[in-house]
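> here's my sequence, what's the structure:
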Amino acid sequence: MEKAPPGMYTALVHKHDGVNMIDSPVLIQDQQEVVKDAFGHIVVGGLGLGLVVGMLIDIDDVKKVTVIENNQDVINLVWHAYSMNTKCSMRFANAKTIPEKQMKLLGQVDRVWLDLWPTDDSSSVSERWSAYKKWSKICPWVGISAYKRKANEWEH
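The predicted structure follows:
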């Protein structure tokens, strides 16, 4: 936030973990990786504020967005904004540990975006790699949210 221009922002704040997501320009830019050239069926692991969902449903070539979220409070706070959109569906599950059998029920998946970690420190690199390998079994394009920050840019 120290690099964000002055203004009003929306944040998703966990009572113990602090800020999990905020609609700052740098985090919106982070979501562009999955949005660029998106098409078909996109799986989004982690609803957050729904920023990426909102961007994806506005793309004509995106036919379906399946969100996998494991926090009922986040679903209750955010999902109402997208639940009536015919492109969107919700699965209550943990995208990091979802059984492969349930993954296959999703049908053809053209992209997977995993934004599941509330911090960007290096302590979760092995967990991120494990999730990447898991989803790569059913989809050729898997993106993982930033795992470290350098020079005010997110590295993927």
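> can you pull out the helices in this structure?
25-35, 51-57, 72-78, 100-104, 125-136 (DSSP state H).
> which of these sits most buried?
Sort the helices of the chain by mean neighbour count, taking mean count of other CB atoms under 10 Å, and helix 51-57 sits at the top with a mean of 21. Bear in mind the C-beta positions are built from the backbone N, C-alpha and C, glycine included.
> who are the packing partners of that helix?
Packing contacts for helix 51-57, counted by 3 or more CB pairs under 8 Å, 6 or more residues apart in numbering; DSSP states H and E, involve helix 25-35, strand 40-45, strand 62-69.
> Met55: which of these is closest?
helix 25-35 (4.8 Å; CB to CB).
> what residues of stretch 37-52 count as buried?
38, 41-52 (16 or more other CB atoms under 10 Å).
> go on, stretch 89-105?
Buried, per 16+ other CB under 10 Å, within stretch 89-105: Met90, Arg91, Ala95, Lys96, Ile98, Met103.
> circling back: dump the buried residues of stretch 37-52 into CSV; add distance to Lys133 and pLDDT as well.
Shown next, in CSV, are those (distance: CB to CB, whole Å; pLDDT from 0 to 100):
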residue, distance to Lys133, pLDDT
Ala38, 22, 96
His41, 20, 98
Ile42, 19, 98
Val43, 15, 97
Val44, 18, 96
Gly45, 14, 93
Gly46, 18, 89
Leu47, 23, 90
Gly48, 23, 85
Leu49, 27, 84
Gly50, 27, 89
Leu51, 26, 89
Val52, 22, 92
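> mind picking the two most distant members of the buried residues of stretch 89-105?
Met90 and Lys96 (16.8 Å).
> circling back: got TSV for the buried residues of stretch 37-52, with distance to Val62 too?
TSV is the format used below for those (distance: CB to CB, whole Å):
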residue	distance to Val62
Ala38	5
His41	8
Ile42	6
Val43	12
Val44	11
Gly45	16
Gly46	17
Leu47	16
Gly48	18
Leu49	18
Gly50	15
Leu51	15
Val52	11
